[in-house]
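[1] The following comprises the amino acid sequence and a computationally predicted model.
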Amino acid sequence: GAPRASGAMPVADRLDQLADSVQLAREDCLELRQEASDLLEYSNAKLGRVTRYLGFLADRTRKLDQAALETETRITPLIHEKKRLFNDLLTLKGNVKVFCRSRPLFEDEGPSAVEFPDDFTIRVNTGDESLTNPKKDYEFDRVYGPHIGQG
């Protein structure tokens, strides 16, 4: 036969070594497949539990929505009745309307401590910085700010 290089492995030994490597790779592959299968089974079980719980929550939400709708249906006529009775009471006692009119500031009076957020509210700066909100709102039937003329 042909002369062998020194230190070269015989072909049969090399084939045995490759066969062992292939066998180890197959075993690793089977082990990984089993792990993947176990993880899939575990994930599906968890997903099933989560899906059932979401179904339970959706059902509970539907029931709460229905209860809220039924409550609103019962309360709405009562709110209208309360408003009607309150208006009747005001009419019987003599309905008093309260208006607020603010004149423009004179030049020597400095900055205003009053704001006019809308046609029904004045906001007064109390100057009390110890309060969370040093401004206090007062509501009226109508507010006429300094920008509204005498007419």
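    Okay, I see it.
[2] In the chain, where is pLDDT below threshold?
    Low-confidence segments of the chain, defined by pLDDT under 70, span residues 1-7.
[3] Name all residues that make contact with the most centrally placed residue in it.
    Within the chain, the residue whose C-alpha comes closest to the C-alpha centroid is residue 61; the distance, by C-alpha atoms, centre = their mean, is 16.2 Å. By C-beta atoms under 8 Å, 6 or more residues apart in numbering, the contact list for residue 61 is empty. Every residue, glycine included, has its C-beta placed from N, CA and C.
[4] And the next helix or strand past the helix or strand in which it is found?
    Assigned by DSSP states H and E, residue 61 belongs to helix 11-93. Moving toward the C-terminus from helix 11-93, the first helix or strand encountered (DSSP H and E) is strand 99-101.
[5] what sits up against that next one?
    The contact list for strand 99-101 (C-beta under 8 Å, 6+ apart) reads 122, 138, 140, 141, 142, 143, 144, 148.
[6] Among these, which one has the most neighbours?
    Per-residue neighbour counts (other C-beta atoms under 10 Å) across these peak at residue 143, which has 20 neighbours.
[7] tell me the contacts of that one?
    Residue 143 makes contact with 99, 100, 101, 102, 116, 118, 119, 120, 121, 122 under the criterion C-beta under 8 Å, 6+ apart.
[8] Could you spell out the sheet neighbours of the helix or strand hosting it, each with its direction?
    Taking DSSP H and E as the criterion, residue 143 maps to strand 142-144. Here strand 142-144 is paired, per DSSP bridges, with strand 99-101 (parallel).
[9] Please spell out which residues along the strand it pairs with are buried.
    With burial defined by 16 or more other C-beta atoms under 10 Å, the residues of strand 99-101 counted as buried are residue 100.
[10] Pull the distance from that strand to the chain's centre.
    Relative to the chain's own centre, strand 99-101 is displaced by 41 Å; criterion: C-alpha atoms, centre = their mean, to the nearest Å.
[11] got it, and stretch 111-127?
    For stretch 111-127 - counting by C-alpha atoms, centre = their mean - the centre lies 33 Å from the chain centre.
[12] cool, and stretch 76-95?
    If you compare the mean C-alpha spot of stretch 76-95 with that of the full chain, they lie 37 Å apart, counting by C-alpha atoms, centre = their mean.
[13] No further queries at this time; thank you.
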